[in-house]
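**Student:** missing the sequence, but the structure's below:
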């Protein structure tokens, strides 16, 4: 086996404070925030002379992280935030939520918009895509309880 775990997913944003607030409202916690620069960073990413500030967000279960990055230098070279779902490359990150309706109310107050609609997938999940901070595509999935209730025959 080569992979031990997935450590994090990285997103580049323009407004780091707004992105942090959004993901805190979603239920993630801010694990840390710091500047990254120096020759070593450029050798890892292939972007020399970079000055970037990162914020590491942790999911409530503690198993996953979302790294938010704000590049101060060099200038951003391309923008894929509003690409449709059938674009090549990074698509979205999906979060399981306890109550999709409540989550949408809270996130829409911060500017999120539902891409189309919330759908029921075979009584297993309620699903939707939203555009979050700066148009980033995010999936939300509410697992539905499929166990029979005590009232069932």
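**Tutor:** Alright, I've got the coordinates. The structure presented is a predicted model; accordingly, all values stated were derived computationally and were not measured. Numbering: from 1, shown residues only.
**Student:** What distance do you get for residue 40 to residue 111?
**Tutor:** 35 Å (CB to CB, to the nearest Å). All C-beta atoms are positioned from the backbone trio N, CA, C, and that covers glycine.
**Student:** who has more neighbours, the two?
**Tutor:** Legend: neighbour count by other CB atoms under 10 Å for residue 40 and residue 111, higher for residue 111 (13 against 9).
**Student:** Next, the buried residues of the lowest-mean-pLDDT helix or strand in the chain.
**Tutor:** One helix or strand of the chain scores below all others by mean pLDDT, DSSP states H and E: helix 39-45, with a mean of 88. Neighbour counts using 16 or more other CB atoms under 10 Å place residue 41 of helix 39-45 among the buried residues.
**Student:** Name every strand pairing with the helix or strand containing residue 95 and say which way it goes.
**Tutor:** If you go by DSSP states H and E, residue 95 is part of strand 93-96. Here strand 93-96 is paired, per DSSP bridges, with strand 137-143 (parallel).
**Student:** got a list of what residue 145 touches?
**Tutor:** For residue 145, no contacting residues are found, by CB atoms under 8 Å, 6 or more residues apart in numbering.
**Student:** let's number from 374 now, not from 1
**Tutor:** Happy to do that; since the first residue is 374 now, the last one works out to residue 518.
**Student:** so it, which of the three states?
**Tutor:** Assigned with DSSP: H, G, I helix; E, B strand; the rest coil, residue 518 falls in the coil class.
**Student:** for residue 394, same thing?
**Tutor:** helix.
**Student:** distance of it from residue 483?
**Tutor:** Distance from residue 394 to residue 483, by CB to CB: 7 Å.
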